[in-house]
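Trainee: What follows is a predicted protein model with its sequence.
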Amino acid sequence: MCKKLNGVFAFAIWNDKKQELFLARDHFGIKPLYYTRLNDELVFASEVKAILKHPNCKAVINKEGIEELFGIGPSHTPGISPFKGIKELEPANFIIYSKDKFIKKEYWALKTKNHTDSLEKTCENIRFLLEDSINRQLISDVPLRLFIIWRFRFKYYCNICE
């Protein structure tokens, strides 16, 4: 299911019939999702501080996580957090959790391919992708008052690259 989603997300779905929890994170990990396993519980949240509020969760420093935090800041190794036992669900991963199982799996991976399109086709694709992205962002539950669109002349920019 996650492969078909377009956008940023981190969510949980409870299946009452199977007594299973499904957690997922977007393809590039834009939305955060942290979790820890405490005995037979899975505690999860979009922020570490929310997990630390759980009465059975102790704030014990993870040396590797702290070194990364001070060394490279917010850019860190996926899955690492500054606290022991608290993990970040990696981008493009999901978890299925129940009393009897814990399955963590990657559902998508970025692949590189040789670029074979012509310059014109490349410009056309970029135009489509940018316009599609902008149109998706214009969808709103409330009226939009102001939105500035900066339109490129892709042909012009592409000609500079020649």
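Mentor: Sure thing, it's come through. Residues are numbered from 1 along each chain as shown.

Trainee: Buried ones in the longest helix along the chain, by neighbour count?
Mentor: In terms of residue count, the longest helix belonging to the chain (DSSP state H) is helix 119-137. Within helix 119-137, the residues scored as buried using 16 or more other Cβ atoms under 10 Å are Cys123, Arg127. (Each C-beta comes from the backbone N, C-alpha and C, glycine too.)

Trainee: Render the CA-only coordinates of it in CSV, please.
Mentor: Output of helix 119-137 as CSV, limited to C-alpha atoms (Å, rounded to 0.1, in the frame of the first residue of the first chain):
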residue,chain,number,x,y,z
LEU,A,119,17.0,17.3,-23.6
GLU,A,120,13.5,18.3,-24.8
LYS,A,121,11.9,15.2,-23.2
THR,A,122,13.8,15.9,-20.0
CYS,A,123,12.6,19.5,-19.9
GLU,A,124,9.0,18.3,-20.6
ASN,A,125,9.3,15.8,-17.7
ILE,A,126,10.6,18.4,-15.3
ARG,A,127,7.8,20.8,-16.2
PHE,A,128,5.2,18.1,-15.7
LEU,A,129,6.6,17.1,-12.3
LEU,A,130,6.9,20.6,-11.0
GLU,A,131,3.4,21.6,-12.1
ASP,A,132,2.0,18.4,-10.7
SER,A,133,3.8,19.0,-7.4
ILE,A,134,2.5,22.6,-7.3
ASN,A,135,-1.1,21.5,-8.1
ARG,A,136,-1.0,18.9,-5.4
GLN,A,137,0.1,21.6,-2.9
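
Trainee: Determine the set of other helices and strands touching that helix.
Mentor: helix 154-161 (3 or more Cβ pairs under 8 Å, 6 or more residues apart in numbering; DSSP states H and E).
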